[in-house]
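A.B. asks: Sequence and computational prediction follow.
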Amino acid sequence: MIVAMRPRATREQLDSVIDIIRDHGPNPVTTTTAGTTILITEESGTPELAAAVENSPGVDRVVIVPGAQRLTSRVFREEDTRVKVGPAGEAVFGGPEFVVIAGPCAVEGEKQMDAVADAVVAAGAVVLRGGAFKPRTSPYSFQGLGVAGLALLAEQRRRTGLPVVTEVVTPGDVEVVAEESDMLQIGTRNMQNFDLLRAAGESGRPVLLKRGMSATVEEWLLAAEYIMHMGNNDIVLCERGIRSYDRSTRFTLDLGAVAVAKRLTHLPVIVDPSHSTGHPHLVGPMSLAAASCGADGLIIDVHTDAENAKCDGAQALDEEQFTTLMRRLKPVVEAVERTLSTPRSHSHSLAEV
Ligand code: PEP
Ligand code: MN
């Protein structure tokens, strides 16, 4: 159950509502979101309890939410949440526009970033990706440039005008990553790192939350609850493939989960066709499939020298493949009554021609 208090509710009124709820079960969690004080219970809530709370002074709204979800549920908030990314909202997830994020798996150096950023801007990506802190399966693999990588990414933000998203792997780094980027990425391996989720919830930055490779949709949405109950509503979910018995693709892209998540939550959902499939020739078809099954966007690995990439080169599209994909994506996106988002600076310069 979720109880939203009136803006001018007093401390005493809040305490008396907490007392009523406590009589029926454990303490509710108190949070503030968009200036409203909200009480959230672990239990879905009963009509009797809801009626008792509803009639208490200072209460604005009581919502019984079935299942384990609370703030992320469509029952609590019916309309789609729009997540703005970038200082001027250069990218908006969850609205009429389909948003494409692209860039290398890892930030490797200035030359590499110049080349890849130019390629993705020219093809029409609206957000630049690039990992500075890389959670690698093997300790002997390239671990990322860390803070130096963040600076290289921030330099591309200045140069191209594109907002940037980058992964944060430990709560202690949330502050520096939030300072240097426009969106924090929480990867599949950290989806249930609850301290990291809480820290991201306090960061003031939008969060791209990837699905754990062995997580159910419910676990994924509850991970988003960890961020949201800290007062951060700017969450974009990302399906990136789950572990299955079949090794013909790197992971098994679960597009059914995209449709399920879109029904269960008001948060935007995007798809990573690169990490899920692991093969450039599968990235195109799965991108089109993602757009047609209701995803709000994509995050795609692009590299201009994939053979020498320090991370995940085998799945990266080159400039030509990415440009072709963006061209093919447009009519598919339009067939599902969306428009393909274009970079502001790019559309501006096109308008001038
Ligand atoms: C990534 O996007 O760079 C990444 C590591 O993805 P995932 O967490 O989905 O493996
Ligand atoms: Mn990768």
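C.D. replies: That came through, no problem. Ligands and ions are numbered 1, 2, ... in the order given.
A.B. asks: Show the pLDDT at residue 24.
C.D. replies: Note for residue 24: predicted pLDDT of 88.
A.B. asks: what's the distance between the nearest residue to it once chain neighbours are set aside and ligand 2?
C.D. replies: Leaving aside its sequence neighbours, residue 24 sits nearest to residue 49 (C-beta to C-beta, 6 or more residues apart in numbering; 5.1 Å). (C-beta placed from N, C-alpha, C; glycine too.) Applying C-beta to the ion, to the nearest Å, the value for residue 49 to ligand 2 is 46 Å.
A.B. asks: if I read this right, residue 49 contacts residue 1, doesn't it?
C.D. replies: Yes - contact between residue 49 and residue 1 holds when scored by C-beta atoms under 8 Å: they sit 6.7 Å apart.
A.B. asks: Pull up the overlap in contacts between these two.
C.D. replies: Residues within reach of residue 49 and of residue 1 at once, by C-beta atoms under 8 Å, 6 or more residues apart in numbering, are residue 21.
A.B. asks: which residues touch the residue lying closest to residue 303 once chain neighbours are set aside?
C.D. replies: Spatial nearest neighbour of residue 303, chain neighbours left out: residue 316 (3.8 Å); criterion: C-beta to C-beta, 6+ apart. Taking C-beta under 8 Å, 6+ apart, we find residue 316 in contact with 104, 105, 274, 280, 301, 302, 303, 306, 309.
A.B. asks: which one of those residues is nearest ligand 1?
C.D. replies: residue 105 (5.0 Å; C-beta to the nearest ligand atom).
A.B. asks: Quick check, that closest one in contact with residue 309.
C.D. replies: Yes - with contact defined as C-beta under 8 Å, residue 105 counts as touching residue 309 (7.0 Å).
A.B. asks: the more surrounded of the two?
C.D. replies: Higher neighbour count among residue 105 and residue 309: residue 105, with 25 against 21, using other C-beta atoms under 10 Å.
A.B. asks: What sits closest to that one if chain neighbours are left out?
C.D. replies: Spatial nearest neighbour of residue 105, excluding adjacent residues (C-beta to C-beta, 6+ apart): residue 312 at 3.9 Å.
A.B. asks: can you give me the helices for the stretch 101-250 of the chain?
C.D. replies: In the stretch 101-250 of the chain, the helices defined using DSSP state H, counting those that start in this stretch lie at 110-123, 147-160, 174-180, 194-201, 217-228.
A.B. asks: Could you provide those helices in TSV, with additional columns for distance to residue 43, mean pLDDT and mean neighbour count?
C.D. replies: Listed next are those as TSV, based on distance: least, C-beta to C-beta, whole Å; pLDDT from 0 to 100; neighbours: other C-beta atoms under 10 Å:
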stretch	distance to residue 43	mean pLDDT	mean neighbour count
helix 110-123	46	98	20
helix 147-160	42	98	18
helix 174-180	31	98	18
helix 194-201	20	98	21
helix 217-228	15	98	22
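A.B. asks: Ok, which of these comes nearest residue 82?
C.D. replies: Nearest of the helices of the stretch 101-250 of the chain to residue 82, taken as C-beta to C-beta: helix 217-228 at 14.8 Å.
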